[in-house]
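Enquirer: what follows is a protein structure lacking sequence information:
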């Protein structure tokens, strides 16, 4: 299980200090398995007990088990990078996303969708927008009012119209798009629920939105020049999962009507 999945599963238990430690770990995954607990504590300027408490929050018996997990994860990633074809990586993105979604309790998000008068959607890139448009089309078929905001200008223009009775979905790759951070801060102040969808990692969107979901998109090389590329097939799988989950939710709700 990837560290990012563990972080998401235990997100509500993590303090600001825990997130700072994890941010360092995620940026230095290649070296963490070589550090003892004192070395790591010194590098992130915390006590040894803070590191130990964090590893236990993530489900490990202690730092030694966590370091073993990180070492194995690093080995698995190295094997994937060297031995897997681009089609294997495609399947990995799909399965990793679906396995992750299977572990997420979507009841609160389904309830959010159901209670929202309008679901506003914004994508930070062209490929993300295509996935969001599919979400909009399918949700409309279930009689949910969804508005896809085509660009930042219209996103800013509609901001005053969005209320606490609505919700916002933001689809991104990095979760670090600078010109969207101000929108997210405004939503937080106004207590408007926001669901962000990003690739794995400790990013701004994940930390500052009400809800966050992850999709997987490993790098692969294409063309004679071996250009590094990413496919957002994982995002499309996540969107499709959300649609099916909400559809199942509405079916169950209708049984009580």
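Expert: Everything's here; your move. Keep in mind that this is a model prediction, so the values were computed, not measured.
Enquirer: switch to C-alpha atoms for all contacts and neighbour counts from now on
Expert: OK.
Enquirer: what mean pLDDT does stretch 152-165 get?
Expert: Mean per-residue pLDDT for stretch 152-165: 97.
Enquirer: do stretch 180-195 as well
Expert: Average pLDDT, stretch 180-195: 96.
Enquirer: give me the distance between that stretch and the centre of its chain.
Expert: 17 Å (C-alpha atoms, centre = their mean, to the nearest Å).
Enquirer: list the buried ones in that stretch?
Expert: Within stretch 180-195, the residues that count as buried by 16 or more other C-alpha atoms under 10 Å are 180, 184, 187, 192-195.
Enquirer: do the same with stretch 35-49
Expert: 37, 40-41, 44.
Enquirer: assign residue 121 to helix, strand or coil.
Expert: Three-state assignment for residue 121 (DSSP: H, G, I helix; E, B strand; the rest coil): strand.
Enquirer: residues touching it, list them.
Expert: By C-alpha atoms under 8 Å, 6 or more residues apart in numbering, residue 121 lies in contact with 132, 146-149, 168-171.
Enquirer: how about the buried residues of stretch 180-195 in a markdown table, adding secondary structure and distance to residue 142?
Expert: Listed next are these as a markdown table, based on DSSP: H, G, I helix; E, B strand; the rest coil; distance: C-alpha to C-alpha, whole Å:
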| residue | secondary structure | distance to residue 142 |
| --- | --- | --- |
| 180 | helix | 29 |
| 184 | helix | 27 |
| 187 | helix | 26 |
| 192 | coil | 23 |
| 193 | coil | 21 |
| 194 | strand | 21 |
| 195 | strand | 19 |
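Enquirer: in TSV, list these along with distance to residue 224.
Expert: Converted to TSV, the buried residues of stretch 180-195 look like this (distance: C-alpha to C-alpha, whole Å):
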residue	distance to residue 224
180	36
184	41
187	45
192	47
193	45
194	41
195	39
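Enquirer: name the nearest of those relative to residue 20.
Expert: Closest approach to residue 20 among the buried residues of stretch 180-195 (C-alpha to C-alpha): residue 184, at 20.1 Å.
Enquirer: and the gap between that closest one and residue 117?
Expert: Residue 184 sits 19 Å away from residue 117, going by C-alpha to C-alpha, to the nearest Å.
Enquirer: residue 52 too?
Expert: Distance from residue 52 to residue 117, by C-alpha to C-alpha: 44 Å.
Enquirer: residue 115 touches residue 145, doesn't it?
Expert: No: Residue 115 lies out of contact with residue 145 (C-alpha atoms under 8 Å); the separation is 11.2 Å.
Enquirer: more crowded one of the two?
Expert: It is residue 145, of residue 115 and residue 145, that has more neighbours when counted by other C-alpha atoms under 10 Å, with 17 against 14.
Enquirer: ends of stretch 218-234, what's the gap?
Expert: Stretch 218-234: ends 9 Å apart by C-alpha to C-alpha.
Enquirer: identify the residues contacting it?
Expert: Against stretch 218-234 from outside (C-alpha under 8 Å, 6+ apart): 86, 89-90, 93-94, 97, 127-128, 215-217.
Enquirer: so where's the stretch 1-150 of the chain uncertain?
Expert: For the stretch 1-150 of the chain, residues meeting the criterion pLDDT under 70 lie at 1, 76-83.
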